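K.L.:
Requesting a structural model of the entry that follows:
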Amino acid sequence: MKRHYRAVFSIARYTALEALRTRYGWLLLMALLACLGVALFSGQIAITESRQIQAVLAAALLRLAMVFLLAIFVITSVQREFSDKTIELAFSLPLPRAAYYLGKLAAYSLVAILSVLPACLLMMFLSPVAPALYWSLSLMLELLIVCAASLVFATGLSQPTSAISALLAFYLAGRSIAAFQLIAHGPLARHDELSQRAFSTLIDGLAYLLPDLDRFSRSDWLVYGHGGWEQIGVQAGQALIYLLLLSAVALFDLYRKNL
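P.N.:
Numbers count the residues shown, from 1 in each chain. I've put the predicted structure just below:
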């Protein structure tokens, strides 16, 4: 058992070091500076509430940039090990495949958490400290879900393009499923038609399966201060549930592969 723990730690350590070798940190820094530049420029041209506009714009750009960079890093890292046959060497050792997965997930989760720290400092510069802290914690939970989903698609799909496309579809669906539900059950919907009822049922089913990412890292928290520990607690519970579900899917796929 101790040998398995050491294997998980070793895999996590070398995977985390890969973020330094692939210049992930420099890309993240460039994204932070670009978001800061766009936010400061928007504040100069805004007529009123320039500070709020800066915070909201920087938060939206940062969230998209960090999700995209983290997904690219995770998927390309795993796909590189498949193409280089490194994963076959790892699976030939007397270690369970769960140890490999847990090491990878721990490393990518650590990278996600460390990536949020400079973003938190930037948002504290553009908005009050407490809302920026709540927003950053929510973003961290969102990135943990993205890490687990990226691992699922990276191990399940053979091409990086397909894995990235599937991850983006998963993320956008999670972000917009609440809006689709409002449309499906809105006053303009024809609920007496069979096609509309089928569409509403499909949307409701997807809403139960997908994480409600629309509630994570909300930009209005930075303006109105609506965020709090209660919302963070609910999001933490949702993140834990999807981490377990996505991990189960990834492990099932890894154990069924003949490598």
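K.L.:
Which single helix of the protein contains the most residues?
P.N.:
helix 50-83 (DSSP state H).
K.L.:
I'd like to know which elements it is packed against.
P.N.:
helix 2-21, helix 24-45, helix 86-92, helix 97-126, helix 129-156, helix 160-184, helix 220-224 (3 or more Cβ pairs under 8 Å, 6 or more residues apart in numbering; DSSP states H and E). Every C-beta, even on glycine, is put in place using the N, C-alpha and C of the backbone.
K.L.:
tell me the angle of that helix relative to helix 24-45?
P.N.:
160 degrees (axes from the mean of the first three to the mean of the last three Cα atoms, to 10 degrees).
K.L.:
Check what pLDDT H4 gets.
P.N.:
pLDDT, H4: 61.
K.L.:
and what of L64?
P.N.:
89.
K.L.:
A250: how many residues sit nearby?
P.N.:
24 (other Cβ atoms under 10 Å).
K.L.:
Which residue is the nearest non-sequential neighbour of it?
P.N.:
Residue nearest to A250 in three dimensions, not counting chain neighbours: V152, with 4.7 Å by Cβ to Cβ, 6 or more residues apart in numbering.
K.L.:
picking that back up, just want the angle from the longest helix of the chain to helix 160-184.
P.N.:
Going by the same axes, to 10 degrees, helix 50-83 makes 140 degrees with helix 160-184.
K.L.:
Name the residues of helix 50-83 that are buried.
P.N.:
Applying a neighbour-count criterion of 16 or more other Cβ atoms under 10 Å, one finds 52-59, 61-63, 65-79, 81-82 buried in helix 50-83.
K.L.:
what about the residue nearest to A250, distance to Q231?
P.N.:
Spatial separation of V152 from Q231 under the definition Cβ to Cβ, to the nearest Å is 26 Å.
K.L.:
Which one of those two is surrounded by more residues?
P.N.:
V152 (23 against 17).
K.L.:
on that earlier part again, so the longest helix of the chain versus helix 129-156, what angle?
P.N.:
Computed by the same axes, to 10 degrees, the angle between helix 50-83 and helix 129-156 is 20 degrees.
K.L.:
Could you tell me how far helix 50-83 lies from the centre of the chain?
P.N.:
8 Å (Cα atoms, centre = their mean, to the nearest Å).
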